[in-house]
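Q: I'll drop the sequence and a predicted model, then ask my questions.
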Amino acid sequence: MDGFQTSLILENHEELIFGAMMTLKITSVSFVFALVLGTMVGVARSRLGWLNLILTPYVEVFRGTPLLIQLFFIYYGLPSLGISMENFTAAYLGIGLCGGAYISEIIRGSLYAVDKGQQEAAVSLGLSRFQSLWHIILPQAVQVALPALVNSFSSQLKETSLVSVLAINELTRAGQMVYSRTFRPFEIYLAVGLMYFIMTYTVSLLSRYLEKKFKVSGKFSSV
């Protein structure tokens with residue numbers, strides 16, 4: 001046994017840090033896409049019954065199939081139908097669509113958590129249904145959903161490891177490439193795991209801060 005080689009990590013730290021930056025980039029872009037999509041779908045499903053029938057299959061399919069299969073289908077399957085895209089676009093689309101399905105349920109549940117009496121009071125004051133949703137209901141729902149949304153960001157961050165199958169040099173693939181040159185899996189994957197932990201733990205601390213700031217802890221335990 002050669003012992004633990006710290007120098008191996010130091011010699012390859014730039015490649016690993018670049019991979020971590022790619023991981024954060026993919027997570028951020030796909031999460032923004034998922035948040036916008038999930039909010040639209042969640043609001044539509046909670047307010048419009050006929051849209052619920054149309055959007056439910058999207059939510060159930062993307063929640064009921066592995067993200068890895070979805071990425072394979074989008075990047076390798078769709079070209080057979082004449083739809084081709086860059087690997088980064090496929091990563092954003094795959095993680096965004098999957099994340100949007102989960103976030104839509106978070107938003108839908110948070111909307112139901114707001115007292116219906118507030119909607120009725122807003123309408124009685126002369127606000128339209130859209131105005132009462134936009135100015136009264138949705139701000140409270142987003143406040144309630146904040147911890148769950150932050151956790152969703154953390155989950156998407158870890159799921160980005162799957163886009164290594166699309167030949168994207170994010171953190172996991174960067175670790176694989178270093179390992180293929182050094183044949184030292186213990187040091188490399190320990191470093192990669194530690195970097196993932198630092199990123200997700202930072203997000204966890206942010207979640208706790210938001211819970212205290214908006215005093216929402218315990219209000220939305222069902223999500």
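A: The structure has been received and is ready for your questions. Residues are numbered from 1 along each chain as shown.
Q: what's the lowest-mean-pLDDT helix or strand in the chain packed up against?
A: For the chain, counting by mean pLDDT, DSSP states H and E, helix 116-124 ranks last in confidence among helices and strands (a mean of 79). When contacts are defined as 3 or more C-beta pairs under 8 Å, 6 or more residues apart in numbering; DSSP states H and E, helix 116-124 packs onto helix 129-132. In short, each C-beta sits where N, CA and C put it, glycine included.
Q: next one: the helix it packs on to chain centre, how far?
A: 28 Å (C-alpha atoms, centre = their mean, to the nearest Å).
Q: Same check on stretch 198-206?
A: On C-alpha atoms, centre = their mean, the centre of stretch 198-206 falls 14 Å from that of its chain.
Q: In that stretch, which residues are buried?
A: 199-200, 203 (16 or more other C-beta atoms under 10 Å).
Q: Just the ones of those in helices?
A: Among the buried residues of stretch 198-206, DSSP state H puts 199-200, 203 in helices.
Q: Using TSV, lay out these together with distance to residue 122.
A: Formatted as TSV, these follow (distance: C-beta to C-beta, whole Å):
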residue	distance to residue 122
199	40
200	38
203	34
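Q: ok, those residues vs residue 27, which is closest?
A: residue 199 (8.5 Å; C-beta to C-beta).
Q: residues contacting that closest one?
A: 20, 23-24, 157 (C-beta atoms under 8 Å, 6 or more residues apart in numbering).
Q: just for this structure, where's the confidence low?
A: 1, 215-223 (pLDDT under 70).
Q: Identify the single longest helix in it, thanks.
A: helix 13-47.
Q: now the helices: where do they sit in the chain?
A: Using DSSP H, helices in the chain cover 6-11, 13-47, 49-64, 67-72, 87-113, 116-124, 129-132, 138-159, 171-182, 185-214.
Q: now, of the ones you listed, which is deepest in the fold?
A: helix 87-113 (a mean of 22; mean count of other C-beta atoms under 10 Å).
Q: still on that earlier bit, I'd like the helices of the chain written out as CSV, with distance to residue 165 added.
A: Formatted as CSV, the helices of the chain follow (distance: least, C-beta to C-beta, whole Å):
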stretch, distance to residue 165
helix 6-11, 25
helix 13-47, 13
helix 49-64, 18
helix 67-72, 6
helix 87-113, 9
helix 116-124, 45
helix 129-132, 42
helix 138-159, 12
helix 171-182, 9
helix 185-214, 16
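Q: For residue 80, find the nearest of these.
A: Across the helices of the chain, residue 80 has its closest neighbour in helix 67-72 (12.1 Å, C-beta to C-beta).
Q: residue nearest the centroid of this protein?
A: Most central in the chain under C-alpha atoms, centre = their mean is residue 156, positioned 3.5 Å from the mean C-alpha point.
Q: from what I can see residue 166 touches residue 92, true?
A: No: in this structure, residue 166 is not within contact of residue 92 by C-beta atoms under 8 Å, at 10.7 Å.
Q: Now do residue 85 against residue 36, distance only.
A: 19 Å (C-beta to C-beta, to the nearest Å).
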